[in-house]
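Chemist: need a 3D model of the sequence below.
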Amino acid sequence: MAKKEVVFDEAMLQLENIVRQLEQGDVPLENAIELYQKGMELSKLCSEKLQSAEKQLVSFIGENTEEAGQSNE
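Modeler: Prediction:
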């Protein structure tokens, strides 16, 4: 079965929940380690999604700038 892709907002909510649990400090060590690992994975996922979105925006802005420049010639 294929793994469902987590959208950015869902990943951020999960990450916030993990941080909240870890900050409370009453999580058993084994669970804290698992939560930390999951949090790191979510952090990486969010970072990758943000970088991808940034590249798309830069590309889109560049395309629009080129089109605007050509129409002014």
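
Chemist: lowest average confidence, helix or strand, in the protein?
Modeler: Within the chain, no helix or strand scores below helix 29-71, which has a mean of 89 by mean pLDDT, DSSP states H and E.

Chemist: who does that helix touch, helix- and strand-wise?
Modeler: Under the contact criterion of 3 or more C-beta pairs under 8 Å, 6 or more residues apart in numbering; DSSP states H and E, helix 29-71 touches helix 8-24. No exception for glycine: its C-beta is placed from N, CA and C like everyone else's.

Chemist: and the helix it packs on, what's buried?
Modeler: 11-12, 14-15, 18 (16 or more other C-beta atoms under 10 Å).

Chemist: quick one: residue 61 from residue 54, how far?
Modeler: According to C-beta to C-beta, to the nearest Å, residue 61 and residue 54 sit 11 Å apart.

Chemist: now do residue 14
Modeler: 22 Å.

Chemist: now residue 17
Modeler: Taking C-beta to C-beta, one finds residue 17 at 25 Å from residue 54.

Chemist: same deal with residue 13?
Modeler: 21 Å.

Chemist: identify the residue nearest the residue positioned nearest the centre of the chain in space, chain neighbours excluded?
Modeler: For the chain, residue 46 is the residue whose C-alpha lies nearest the centre (C-alpha atoms, centre = their mean; 1.3 Å). For residue 46, ignoring the flanking residues on the chain, the nearest one in space by C-beta to C-beta, 6 or more residues apart in numbering is residue 11 at 5.2 Å.

Chemist: does that neighbour touch residue 45 like I think?
Modeler: Yes: between residue 11 and residue 45 a contact is recorded at 5.2 Å, counting by C-beta atoms under 8 Å.
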